[in-house]
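1. 3D, please:
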Amino acid sequence: MKTTTLSLLLAAGLLAGLSAGGANATVSLPSTEDYGLSVRMFGWSQSTEVYAFAYPGFTVTNLSSPGIDITSLSMDDGAAAGLWDFVSRETASAGVGYTLTQGDRINDAGWSANVGYSFTGMSAGRFMQFHVDPDTVHAGSGNVVDARPSVLAGGTVTAHFSNGQSLTLTWNNPAAQSFSPLPRADLAATDLRNVYYEMSGTVAVPVPEPASWALMLAGVAAMGLLARRRG
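-> Next comes the predicted model:
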């Protein structure tokens, strides 16, 4: 009885609000919401320039609308075989929890084509950052001096979101950009220790219009009324 009455009141109230003001009635509900992310790859500022991208960093930022979180992430190295040795120097926005699900944190323990994380609290505007050491597949055969030729020419990052959607971004040899301010103000802006590469993408999904909400509530009310009569 109480549920039926509440449904009727909600539907009647919304319908009345939409019709009472005529053309002047407004309901501030967004017509779309976005899910997406940006990924930034940058050099290690404390190395020599030649080895700046022998230990690259990555920053992942949630570009989604409020209420949509990134729940997990997988980064493919773009190489024919496993490139990544170990992950370190992890940090994130306050409130973000992360668990390494692909890869490891141990030097020379193994090599992986992917680095993956699961997240809690990775909400809109928040970020997670980590560094990865790229090495050749077999221990002892030497370091990879520069990860960019593999990563930036076909590497991918796939994110999963709390709204059930997923999005894959593919590196396509983007141009280098200089940080502002520079991590190393003592060096040229074009020095590899002062530059980054970035890709981003968002997808808009429709949100029900106010009239659609009214129709749905009216339907709920009608079902409640029918159930009440049958009872």
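
2. From now on I want contacts and neighbour counts done on CA atoms only, so please keep to that.
-> Will do.

3. Please enumerate the helices of this structure.
-> 2-20, 148-151, 210-230 (DSSP state H).

4. name the helices or strands packed onto the second one?
-> Taking 3 or more CA pairs under 8 Å, 6 or more residues apart in numbering; DSSP states H and E as contact, there are no helices or strands that helix 148-151 lies on.

5. what comes up buried for it?
-> 148, 150, 151 (16 or more other CA atoms under 10 Å).

6. pLDDT score assigned to the residue lying closest to residue 88 once chain neighbours are set aside?
-> Once flanking residues are discounted, residue 88 sits nearest to residue 131: 5.4 Å by CA to CA, 6 or more residues apart in numbering. The per-residue pLDDT reported for residue 131 equals 96.

7. Quick one: neighbours of residue 131, just the number.
-> Neighbour count of residue 131, defined by other CA atoms under 10 Å: 20.

8. Tell me what it is bridged to.
-> residue 57, residue 88 (DSSP bridges).

9. That one contacts residue 52, doesn't it?
-> No: Residue 131 is not in contact with residue 52 according to CA atoms under 8 Å; the separation is 11.7 Å.

10. quick one: residue 64 from residue 54, how far?
-> 31 Å (CA to CA, to the nearest Å).

11. contacting residues for residue 55?
-> 43, 44, 131, 132, 133, 134, 147 (CA atoms under 8 Å, 6 or more residues apart in numbering).

12. That should have said residue 39, apologies.
-> Contacts of residue 39 (CA under 8 Å, 6+ apart): 58, 59, 60, 61, 157, 198, 199, 200.

13. Same question for residue 116.
-> Counted by CA under 8 Å, 6+ apart, residue 116 has contacts 72, 73, 74, 75, 100, 101, 102, 103.

14. which of these has the most neighbours?
-> Of these, with other CA under 10 Å as the count, residue 73 tops at 23 neighbours.

15. where do the strands sit along the chain?
-> Listed in chain order, the strands of the chain (DSSP state E) span 32-42, 57-62, 70-76, 84-92, 97-102, 114-120, 127-134, 153-161, 166-172, 177-178, 195-206.

16. Take these and lay them out in TSV including distance to residue 184.
-> TSV is the format used below for the strands of the chain (distance: least, CA to CA, whole Å):
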stretch	distance to residue 184
strand 32-42	13
strand 57-62	15
strand 70-76	27
strand 84-92	19
strand 97-102	29
strand 114-120	28
strand 127-134	18
strand 153-161	27
strand 166-172	26
strand 177-178	11
strand 195-206	10
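
17. Among the ones you listed, which comes closest to residue 189?
-> Residue 189 sits nearest to strand 177-178 of all the strands of the chain, at 5.8 Å, using CA to CA.

18. elements contacting that closest one?
-> Counting by 3+ CA pairs under 8 Å, 6+ apart, strand 177-178 packs on strand 195-206.

19. Any chance you could list what contacts the strand it packs on?
-> 31-43, 63-64, 169-171, 174-179, 189.

20. 7 Å instead?
-> For strand 195-206, contacts defined as CA atoms under 7 Å, 6 or more residues apart in numbering pick out 31-43, 171, 174-179.

21. Direction included, what does it pair up with?
-> Paired with strand 195-206 in the same sheet, following DSSP bridges, are strand 32-42 (antiparallel), strand 177-178 (antiparallel).

22. I'd like these as JSON lines, with mean pLDDT and distance to residue 108 appended.
-> Below are the strands paired with strand 195-206 laid out as JSON lines (pLDDT from 0 to 100; distance: least, CA to CA, whole Å):
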{"stretch": "strand 32-42", "mean pLDDT": "96", "distance to residue 108": "23"}
{"stretch": "strand 177-178", "mean pLDDT": "97", "distance to residue 108": "32"}
